[in-house]
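Visitor: what follows is a predicted structure for the sequence shown.
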Amino acid sequence: MSAKVLRKLAAQSRKSGVRSGFKGRHIGRGRGALPLASRRPGGLSARHMRRVTVKVHIARTGSAGGLRAFGAHIHYLQRDGVDRDGQGGELYERDGAPADGKAFLARSEDDRHQFRFIVSPEDGTELTDMQTLTRQLMARMERDTRTRLDWVAADHHNTGYPHTHIVVRGRDDQGRDLVIAPDYLTKGLRGRASQIVTETLGPRRDIDIARAAGRDVSADRFTGLDREIAGRAMDGRVRIIQGDGPGGRFREALVARRMKHLESLYLATKSGARDWALKPGWEAALQAMGRRGDIVRSLAKGLPAEIAASGVRFPDERLADAGPLEGIVLAQGPGDELRDTRFLVVEDMRGAQWYVPADGLLPGDLPPVGGVVEMGRGKAAPRAADLVIADIAERSGGAWSEALHQASDPASSAAFRLAHKRRLEALRRAGIVTREADGGWEIPPDYLRKAAAHEAGKGARVVVRSWMALEAQANARALTWLDEAELESSGQVSARLATARQARLTFLRSEGLLGEGEVSLSAATRLALRHEEFERVIASEAARSGRSVVTLDAGQSLEGKFERAIGLAQGRMALVGNEKAFALVPWRSGLDHRRGQSLVIEQKSGGISWTLPGGRPRGLSR
């Protein structure tokens, strides 16, 4: 049977409503416990149950950072300023006793993944003991998954809502990979937590429900009221009905008020006396607003007062054709607590301060406070997967499914097709594509344009221009960013930059590197300063370790361990050495998680090749 016939058959089955999508939501432990987890004690209505937010992330060792990322997350949970008294978070385990984070990590050494949860009860301030809630929740999770779980937790009180971080090893009590049904992770745990908090504090009172609903009406974030609106919307349209009884009429009034607020946010338009039309992507827009609100609150709590008080701008406020921004890193902070991402606060050339997500930077690649970075927009181009999806959709009448993909490319693996499905799921959350009931996807005619715009709007791309802090550059006997930055041509500069630039000129003149009235170094002086700095660092390491330095020529190699990174004014370098010799070579992203491991480095015509002993080359760094 030809590929063309297979595509036609797959498209026909999709249009006829035959369910061909298998999502695997019920595969794994806990799948049979969902009815129990959603049960409401005492016959309570859903609205009288206490509300609990449960966020879930599965961290895998296959991702960048590996086991080092596991350790970084445990360390993050114990950072200062998160308990009731502003001290460090304390890890505890099933019996409430303090947990040993290092022992937990040692047990996790061979785990392929770990589960991370954030449990945040809406009424958490009324709970006197978050540990009791956590232990009860994990006990019920063990009954639901029918295995003993190895876990640690830490309570945090550094935000307006007390919440608990829980980390569960990816192994069951028999040492096998722990697989938990996705539906249980997303619904079952939330239901169990809601049951426990309701049993502890009692059901929500009608007055509390009304107050909470009133707050949802004017909230600039995605709320439970929006979830109800999304559920009743038909083709993006919502009708306000009369409502049965006082409760029904009250609920419809809330929906009507919420729609008016969405209209004020340009996310909905009124199309009739009782009808509203929702703008495409309205859910994603509200979620983005909520994230920005969380960021502003985090900035107010976690940054020095002078930074938080001045106001921070966001990269998406810039014009679409705006060029890159250079600036000084003023502070760092946690971004996504589950994924251990970070953000930077950067002061640009004119003194404006920007919130910059550092999602694309691995922990070892984060610039220091005082370092210089360049912020550029995401690349406005579709991904390779988007080109494949668009090609399949064009030949199948605007549809994509695993069956259509397999028919189009019979040699494609299941993992390859799954990667495309995950890409579509991400774009669905952005309001670009629609998932059908049969598991297929509706792909719009302008899919590639929208996918490219999505990539461009994902945030700023951060490139480190100087690992040396701005203040240290003033008196550095090295070629610094201040020597090469075109500050005079950039117009008005901030007081911080102007002061640093003037101090730098004064130092260079005092060292005889600049003549009176000169403002830029000659090419020969620049080269000499670079060489001088490099030789100074090499001599210092040779004296400290008693080893000889190896300068790799083309075709030469050195086997040793990656020992540490060294931030020079001219760039970041990696120190690789063995008992007798060492080499200083250009840094490459992602190298930090290889710290202490044996590597073979070889000088090739295109740069340095990194290879694990017995493995294949890991690419070039220049």
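Guide: Alright, I've got the coordinates.
Visitor: remind me which residues of the stretch 251-400 of the chain are low pLDDT?
Guide: In the prediction, the stretch 251-400 of the chain carries residues with pLDDT under 70 at positions 296-311, 316-322, 359-360, 362-363, 377-380.
Visitor: all strands for it, in order.
Guide: Remark: strands of the stretch 251-400 of the chain, listed N- to C-terminal, are 268-270, 275-278, 325-334, 342-348, 353-357, 372-377, 399-400; assignment by DSSP state E, counting those that start in this stretch.
Visitor: from the middle of its chain, how far away would the last one be?
Guide: For strand 399-400, the distance from its own C-alpha centre to the chain's C-alpha centre is 29 Å (C-alpha atoms, centre = their mean, to the nearest Å).
Visitor: begin at 54 from now on, thanks
Guide: Renumbered: residue one is now 54, and that last one reads strand 452-453.
Visitor: residues making contact with that strand?
Guide: The contact list for strand 452-453 (C-beta atoms under 8 Å, 6 or more residues apart in numbering) reads 64, 67, 442, 445-446, 473, 477, 493-496. Any C-beta I mention is one placed from the backbone N, CA and C, and that applies to glycine too.
Visitor: mind giving me a markdown table with these and columns for distance to residue 536?
Guide: Rendered in a markdown table, the data for the contacts of strand 452-453 read as follows (distance: C-beta to C-beta, whole Å):
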| residue | distance to residue 536 |
| --- | --- |
| 64 | 62 |
| 67 | 62 |
| 442 | 47 |
| 445 | 52 |
| 446 | 52 |
| 473 | 47 |
| 477 | 48 |
| 493 | 58 |
| 494 | 53 |
| 495 | 55 |
| 496 | 51 |
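Visitor: next SSE after the lengthiest strand in the chain?
Guide: Taking residue count as the measure and DSSP state E as the definition, the longest strand of the chain comes out as strand 610-621. Toward the C-terminal end, the helix or strand that comes next after strand 610-621 (DSSP states H and E) is strand 624-630.
Visitor: return the helix or strand that that following strand is followed by as PDB; C-alpha atoms alone will do.
Guide: Once strand 624-630 ends, the next helix or strand along the chain (criterion: DSSP H and E) is strand 634-639. Extracted C-alpha coordinates of strand 634-639, given in PDB (Å, rounded to 0.1, in the frame of the first residue of the first chain):
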ATOM      1  CA  ALA A 634      50.500  18.800  33.300                       C
ATOM      2  CA  PHE A 635      47.600  21.200  32.700                       C
ATOM      3  CA  ALA A 636      46.100  23.200  29.800                       C
ATOM      4  CA  LEU A 637      44.000  26.300  29.800                       C
ATOM      5  CA  VAL A 638      41.400  26.100  27.000                       C
ATOM      6  CA  PRO A 639      38.300  28.100  25.900                       C
END
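Visitor: show me where pLDDT drops low in the stretch 454-603 of the chain?
Guide: 509-513, 541-544.
Visitor: and residue 475, which of the three is it?
Guide: The three-state assignment at residue 475 reads helix, by DSSP: H, G, I helix; E, B strand; the rest coil.
Visitor: what of residue 242?
Guide: Three-state secondary structure (criterion: three-state DSSP) places residue 242 in helix.
Visitor: circling back to that earlier point, out of the strands of the stretch 304-453 of the chain, which gets nearest to residue 639?
Guide: In this view, the strands of the stretch 304-453 of the chain are compared for proximity to residue 639 by C-beta to C-beta, and strand 425-430 is the closest at 17.9 Å.
Visitor: list the buried ones in the closest one?
Guide: Buried positions in strand 425-430, judged by neighbour count with 16 or more other C-beta atoms under 10 Å: 425-428, 430.
Visitor: again, but for stretch 548-561
Guide: By neighbour count, and taking 16+ other C-beta under 10 Å as the criterion, the buried residues in stretch 548-561 are 549-550, 553-554, 556-558, 560-561.
Visitor: what sits up against that stretch?
Guide: 381, 400, 402, 404, 523-524, 526-528, 533, 535-536, 540, 546, 567, 572, 574.
Visitor: show me where pLDDT drops low in the stretch 154-303 of the chain?
Guide: Within the stretch 154-303 of the chain, the segments meeting pLDDT under 70 span 211-213.
Visitor: distance to residue 86 and neighbour count added to the contacts of strand 452-453, as CSV?
Guide: Formatted as CSV, the contacts of strand 452-453 follow (distance: C-beta to C-beta, whole Å; neighbours: other C-beta atoms under 10 Å):
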residue, distance to residue 86, neighbour count
64, 38, 20
67, 33, 25
442, 36, 26
445, 38, 21
446, 39, 21
473, 32, 21
477, 30, 23
493, 30, 25
494, 31, 26
495, 34, 16
496, 36, 25
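Visitor: go through those residues and name the one nearest residue 206.
Guide: Distance ranking of the contacts of strand 452-453 against residue 206, using C-beta to C-beta, places residue 477 first at 34.6 Å.
Visitor: now do the contacts for that closest one.
Guide: Residue 477 makes contact with 442, 453, 486, 488, 494 under the criterion C-beta under 8 Å, 6+ apart.
Visitor: please repeat the previous calculation with a cut-off of 6 Å.
Guide: Shown in contact with residue 477 (C-beta atoms under 6 Å, 6 or more residues apart in numbering): 486, 494.
Visitor: and it, how far from residue 492?
Guide: Counting by C-beta to C-beta, to the nearest Å, the gap between residue 477 and residue 492 amounts to 11 Å.
Visitor: roughly how far does the closest residue in space to residue 263 that isn't next to it in sequence sit from residue 581?
Guide: Using C-beta to C-beta, 6 or more residues apart in numbering and skipping residues adjacent in sequence, the residue nearest residue 263 is residue 303, 7.5 Å away. Relative to residue 581, residue 303 is positioned 78 Å away (criterion: C-beta to C-beta).
Visitor: distance between stretch 193-200 and the chain's centre?
Guide: That offset, for stretch 193-200, works out to 29 Å (C-alpha atoms, centre = their mean).
Visitor: in that stretch, what's buried?
Guide: Of the residues in stretch 193-200, those buried under the neighbour-count criterion (16+ other C-beta under 10 Å) are 193-194, 197-198, 200.
Visitor: what residue in this protein is the furthest from its centre?
Guide: The outermost residue of the chain relative to its centre, with distances by C-alpha atoms, centre = their mean, is residue 569 at 49.5 Å.
Visitor: secondary structure element for the closest residue to that residue other than its chain neighbours, which one?
Guide: If the residues on either side of it in the chain are set aside, residue 569 comes closest to residue 562, at 6.6 Å by C-beta to C-beta, 6+ apart. Element membership for residue 562, per DSSP H and E: helix 548-563.
Visitor: quick check: angle from that helix to strand 378-387?
Guide: 110 degrees (axes from the mean of the first three to the mean of the last three C-alpha atoms, to 10 degrees).
Visitor: give me the contacts around the very next helix or strand once past helix 548-563.
Guide: From helix 548-563 onward toward the C-terminus, using DSSP H and E, the following helix or strand is helix 576-598. Contacts of helix 576-598 with the rest of the structure, by C-beta under 6 Å, 6+ apart, involve 531-532, 566, 602, 621, 623.
Visitor: return helix 576-598 as PDB; C-alpha atoms alone will do.
Guide: Provided in PDB are the C-alpha atoms of helix 576-598 (Å, rounded to 0.1, in the frame of the first residue of the first chain):
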ATOM      1  CA  ALA A 576      46.100  47.000  18.400                       C
ATOM      2  CA  ALA A 577      49.500  46.100  19.600                       C
ATOM      3  CA  THR A 578      48.700  47.100  23.200                       C
ATOM      4  CA  ARG A 579      45.500  45.100  23.100                       C
ATOM      5  CA  LEU A 580      47.300  42.000  22.000                       C
ATOM      6  CA  ALA A 581      50.000  42.500  24.600                       C
ATOM      7  CA  LEU A 582      47.400  42.800  27.400                       C
ATOM      8  CA  ARG A 583      45.700  39.700  26.400                       C
ATOM      9  CA  HIS A 584      49.000  37.800  26.300                       C
ATOM     10  CA  GLU A 585      50.100  39.200  29.600                       C
ATOM     11  CA  GLU A 586      46.900  38.200  31.400                       C
ATOM     12  CA  PHE A 587      47.000  34.700  30.000                       C
ATOM     13  CA  GLU A 588      50.700  34.200  30.900                       C
ATOM     14  CA  ARG A 589      50.000  35.500  34.400                       C
ATOM     15  CA  VAL A 590      47.300  33.000  35.100                       C
ATOM     16  CA  ILE A 591      49.300  30.100  33.700                       C
ATOM     17  CA  ALA A 592      52.300  31.000  35.900                       C
ATOM     18  CA  SER A 593      50.100  31.300  38.900                       C
ATOM     19  CA  GLU A 594      48.700  27.800  38.400                       C
ATOM     20  CA  ALA A 595      52.100  26.300  37.600                       C
ATOM     21  CA  ALA A 596      53.500  27.700  40.900                       C
ATOM     22  CA  ARG A 597      50.400  26.600  42.900                       C
ATOM     23  CA  SER A 598      50.300  23.000  41.500                       C
END
